[in-house]
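S.K.: the following block contains a protein sequence and its predicted model.
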Amino acid sequence: MYKSIIAMAAAALVAGPAGAAPLCSDLGFAGLLAKCNRGDPIAITLASGQPLGEGDVTLQSGAYYEMKITADGSAELALSGPDFFRAIWMNEIVINDIEIRPMAIDSLEFDDAGEAVLSFIAIKPGRYEVGIPKTAGDSQKVVISIQ
């Protein structure tokens, strides 16, 4: 019995968590950026006195995502989340049809109305928060979990 328990534990360690695999089994030439490996888009809204999003977000490690951040221009607002931004591989940030390929970011700040689209692959499992700096309300942050 003792040997079978050790064998099951070893098999679980080798297999890893079920949620850590990409969304599709045949990634093809595009690899992790393949269309079949894309998760649902994430919408964030920066507006004075309004919630950032609609509840917590769960991502799958190894899957490709897009986060669309829209500011309505009602106030000068930033979106900060350095721990989250270090847990992903950033493909690009698109602002006004300008593609930026950063190594890492800490935050994005909007002085006026506008939109930024971040495309990335979720990498490091954990629970992260992105939010408006120096605010304490629960509606001023979004909890993002990577499984």
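M.R.: Nice, I can see it.

S.K.: three-state assignment of the residue lying closest to Phe84 once chain neighbours are set aside?
M.R.: Nearest residue to Phe84 in three dimensions, chain neighbours excluded: Tyr128, at 3.7 Å (Cβ to Cβ, 6 or more residues apart in numbering). Yep, even glycine has a C-beta here, placed from its N, CA and C like the rest. Assigned with DSSP: H, G, I helix; E, B strand; the rest coil, Tyr128 falls in the strand class.

S.K.: ok, and the closest non-adjacent residue to the residue minimising distance to the centre of the chain?
M.R.: Nearest to the geometric centre of the chain sits Ala122, at 5.8 Å (Cα atoms, centre = their mean). In space, and not counting its chain neighbours, Ala122 is closest to Leu59: 4.2 Å by Cβ to Cβ, 6+ apart.

S.K.: check contacts around that neighbour.
M.R.: Each residue near Leu59 by Cβ atoms under 8 Å, 6 or more residues apart in numbering is listed here: Gly39, Tyr65, Ala122, Ile144, Ser145, Ile146, Gln147.

S.K.: include pLDDT and secondary structure when you put those into CSV, please.
M.R.: Below are these laid out as CSV (pLDDT from 0 to 100; DSSP: H, G, I helix; E, B strand; the rest coil):
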residue, pLDDT, secondary structure
Gly39, 90, coil
Tyr65, 96, strand
Ala122, 95, strand
Ile144, 96, strand
Ser145, 97, strand
Ile146, 97, strand
Gln147, 95, coil
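
S.K.: just the buried residues of those.
M.R.: Among those, those buried by neighbour count (16 or more other Cβ atoms under 10 Å) are Gly39, Tyr65, Ala122, Ile144, Ile146.

S.K.: among these, which pair sits farthest apart?
M.R.: Longest distance between any two of those is 11.6 Å, between Gly39 and Ile144; criterion Cβ to Cβ.

S.K.: ranges for the helices of this protein?
M.R.: Listed in chain order, the helices of the chain (DSSP state H) span 2-15, 82-86.
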